[in-house]
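Undergrad: Give me the fold of what follows.
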Amino acid sequence: MYFDNYKQFPDAKLDMKLLWEYDLEKVDLSAMKSTVVQRVVERGWPDDWYFILNFYGVDGVREAIKKIAYLNDKDMYFVSHQFGLPLNEMKCYEKKQSVKQHWNS
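TA: Alright, predicted model coming up:
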């Protein structure tokens, strides 16, 4: 995994700008795991990755990734490779496959 050294950064902080539309005083990072992980996958910097890996654990992040409804192709393939997730176990891949492609037949 690209971030194998995440335990060397226990003080990494999550950039709360990733959750800009939420009331930051009421944000429960445990309850919003899927949202937080999706934002970090899409827009996070290394400190954000270190934070989620330390806060949720590798297995917690892996499980959250499986539940994300949408990721672009680049992000989907990146997390699939980095976390050893088969594409068919990811909700975003399953949803993408169920959408009919008009010009790609």
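
Undergrad: For the helix or strand bottoming out on mean pLDDT in the chain, list the C-alpha coordinates in PDB.
TA: None of the helices or strands of the chain scores lower by mean pLDDT, DSSP states H and E than helix 91-98, at a mean of 82. Output of helix 91-98 as PDB, limited to C-alpha atoms (Å, rounded to 0.1, in the frame of the first residue of the first chain):
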ATOM      1  CA  LYS A  91     -20.500  -0.400  -4.800                       C
ATOM      2  CA  CYS A  92     -19.200   2.400  -7.100                       C
ATOM      3  CA  TYR A  93     -18.100  -0.200  -9.700                       C
ATOM      4  CA  GLU A  94     -21.400  -2.100  -9.500                       C
ATOM      5  CA  LYS A  95     -23.400   1.000 -10.000                       C
ATOM      6  CA  LYS A  96     -21.200   2.100 -12.900                       C
ATOM      7  CA  GLN A  97     -21.700  -1.300 -14.600                       C
ATOM      8  CA  SER A  98     -25.500  -1.100 -14.300                       C
END
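
Undergrad: List the contacts of that helix.
TA: Under the criterion CB atoms under 8 Å, 6 or more residues apart in numbering, residues 66-71, 76, 80, 87-88 lie in contact with helix 91-98. From N, CA and C alone the C-beta is placed, and that goes for glycine too.

Undergrad: Dihedrals phi and psi, the closest residue to residue 40 other than its chain neighbours?
TA: Once flanking residues are discounted, residue 40 sits nearest to residue 48: 4.5 Å by CB to CB, 6 or more residues apart in numbering. Torsion angles at residue 48 (phi, psi; degrees, to the nearest 10) stand at phi -70, psi -40.

Undergrad: The one 10 residues further on too?
TA: Main-chain torsions, residue 58, degrees, to the nearest 10: phi -60, psi -40.

Undergrad: separation between it and residue 85?
TA: 12 Å (CB to CB, to the nearest Å).

Undergrad: same question, residue 34
TA: Residue 34 is 15 Å from residue 85, by CB to CB.

Undergrad: can you pull the buried residues of stretch 13-29?
TA: Neighbour counts over stretch 13-29 (16 or more other CB atoms under 10 Å) mark 14, 18-19 as buried.
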